[in-house]
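Trainee: got a predicted model here, sequence first, then my questions.
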Amino acid sequence: MNIQEYWHDIDSRLEQLLENGFVKLPSLKEFDLDFVASDISDEMGSLTFKELGSHHKNFIQDLSIDKYLTPKLHNIAKNLFSYKGDISNQYHVARKVEPGNSKEMFRAHFDSHLFTMVLPLKIPETEQDGTAGDLIYFPYARKVPTNEISNFIGKAYYKRFASKDGMEKFSSNHQKRIDNFKDYQPLLFVGNTTLHTNFPVSTGCSSYRLTLLAHFFDPSPKYGVGGLLRLLRNR
C-alpha cells in the first residue's frame, strides 16, 4: 500500500476531529493484519496490556504515523490546547482481550492524553446476542481540564458511570456512539474529553480481540493522575 496515499486527506479529517471530537481514518484492511496481529499476540503472551513491543513498534513505523500524523497533532495541541510539552510525549500500548474476560468491560474513563487513536488489528466474530468488545464513546462529554486538580476531580466524578448500569444512565442524556471496528478503520478522538469504555468480549467469540492504542501528549505533570495510572499498569 502507498502509505502517502493512506494519509492524503488527513488535514480534512483533523478538521472533523476538532469539530466532532472524533474522526475515522481509512481502513487498515490493505495491510496483512492477521500476520501483524499474530506476531503482536505472540509477543504479549498472556498479558492484556503491553507497552510498545517490537512488532507493535514496527507496525507503527510502517504506518508512518510519526511522519504524517504526529506533527499535525502536535501543532493542534500547541495552538488550540496550550500544550507546552514535547512531541515525543506519547504512550503506545497493545490491548488483547480474550473471550470471557470479565474485567475488561464497562470501565468508563477519560484518557489523560489529548488525543487517542484506536487501531483495530483483530476483531472476533460473535455468536448471536454476543459482543466483541465494541467501543462505547461519548465525544466532548466534558470540557478540557484546566489543571491537574480539575482533571483528578473530573475522573473521580465520572467513575460512577463505570458499569453497565452506569453507561445506560449516562446514555440517557448524552449522545452515545458505538464502534465495532469491523471496518478496520482506526478511530481518532480527543482523549481527555471523550468518556469511553468497552462492551465485553463474549465467551462465544471466535478469537481474542486485539487493538493498538496510541496516546498523544499528556499535559499533566510526569507524576500526575495519568502517569501514576500507567506506572501501576506496567508494574
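Mentor: Structure's in. What do you need?

Trainee: partners of the spatially most central residue of the chain in the sheet?
Mentor: The chain has residue 118 as the residue nearest its centroid, 3.9 Å off, counting by C-alpha atoms, centre = their mean. Note on residue 118: beta-bridge partners by DSSP bridges are residue 187, residue 213.

Trainee: quick check: it touching residue 191?
Mentor: No - counting by C-beta atoms under 8 Å, residue 118 does not reach residue 191; the two are 10.4 Å apart. C-beta coordinates here come from the backbone N, C-alpha and C atoms, glycine included.

Trainee: worst-scoring helix or strand of this structure, pLDDT-wise?
Mentor: Ranked by mean pLDDT, DSSP states H and E, the weakest helix or strand in the chain is helix 225-233, scoring a mean of 49.

Trainee: near residue 122, how many other residues are there?
Mentor: 20 (other C-beta atoms under 10 Å).

Trainee: what of residue 44?
Mentor: Residue 44: 19 surrounding residues under other C-beta under 10 Å.

Trainee: again, but for the one 5 residues further on
Mentor: Taking other C-beta under 10 Å as the neighbour definition, residue 49 ends up with a count of 15.

Trainee: got the phi and psi for it?
Mentor: Taking degrees, to the nearest 10, you get phi -130, psi 140 for the backbone angles of residue 49.

Trainee: is it bridged to anything, and to what?
Mentor: When assigned by DSSP bridges, residue 49 has beta-bridge partners residue 95.

Trainee: pLDDT below threshold where in the chain?
Mentor: 1, 221-235 (pLDDT under 70).

Trainee: for it, what spans make up the strands?
Mentor: Assignment of strands within the chain using DSSP state E yields the ranges 22-24, 49-51, 90-97, 115-122, 135-138, 177-179, 187-190, 195-198, 209-216.

Trainee: may I see those arranged in a markdown table, with distance to residue 103 as well?
Mentor: Formatted as a markdown table, the strands of the chain follow (distance: least, C-beta to C-beta, whole Å):
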| stretch | distance to residue 103 |
| --- | --- |
| strand 22-24 | 26 |
| strand 49-51 | 11 |
| strand 90-97 | 9 |
| strand 115-122 | 19 |
| strand 135-138 | 16 |
| strand 177-179 | 20 |
| strand 187-190 | 22 |
| strand 195-198 | 11 |
| strand 209-216 | 13 |
